[in-house]
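S.K.: I would like the atomic coordinates for the input below:
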Amino acid sequence: MGLLDTVLEPLKAQIPQYGTGMVIAAVLASVVVIAVVSNVLQQLLLKNPNEPPIVFHWFPVIGSTVTYGIDPYAFFFDCRKKVRPENSLW
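M.R.: Predicted coordinates for the structure are as follows:
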């Protein structure tokens, strides 16, 4: 009938073969993959020139927290190099 029904029809036959835990894990993994892909596409394709630059990150909620937490000074200096080239007057 609809597009969703066409896509889900093969899955309806296979879901009972797997356990509930496997189905939940597959759905959770799919949600994470979709979130990462949409986040990366948003950063690359939807840049707003009126807003400050965004530090590229893979995961939408975590962002660059891990990189910043390991070495904050190196993180800031690397970000500054990306935004302002070294031959800049600033």
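
S.K.: Residue ranges in this structure under the pLDDT threshold?
M.R.: Residue ranges of the chain with pLDDT under 70: 1, 85-90.

S.K.: which residue is nearest the centroid of it?
M.R.: Closest residue to the average C-alpha location of the chain: V36 at 2.4 Å, with C-alpha atoms, centre = their mean.

S.K.: Number of residues surrounding the nearest residue to that one once chain neighbours are set aside?
M.R.: Spatial nearest neighbour of V36, chain neighbours left out: W58 (5.8 Å); criterion: C-beta to C-beta, 6 or more residues apart in numbering. Placement of C-beta: from N, CA and C, glycine included. Residues contacting W58 under the criterion other C-beta atoms under 10 Å number 13.

S.K.: on that earlier part again, with P52 as the reference, measure out to the residue nearest to the centre of the chain.
M.R.: Distance of V36 to P52, computed by C-beta to C-beta, to the nearest Å: 23 Å.

S.K.: Report the distance from stretch 13-28 to the chain centre.
M.R.: With C-alpha atoms, centre = their mean, to the nearest Å as the basis, stretch 13-28 stands 24 Å off its chain's centre.

S.K.: Sweet, I'm off.
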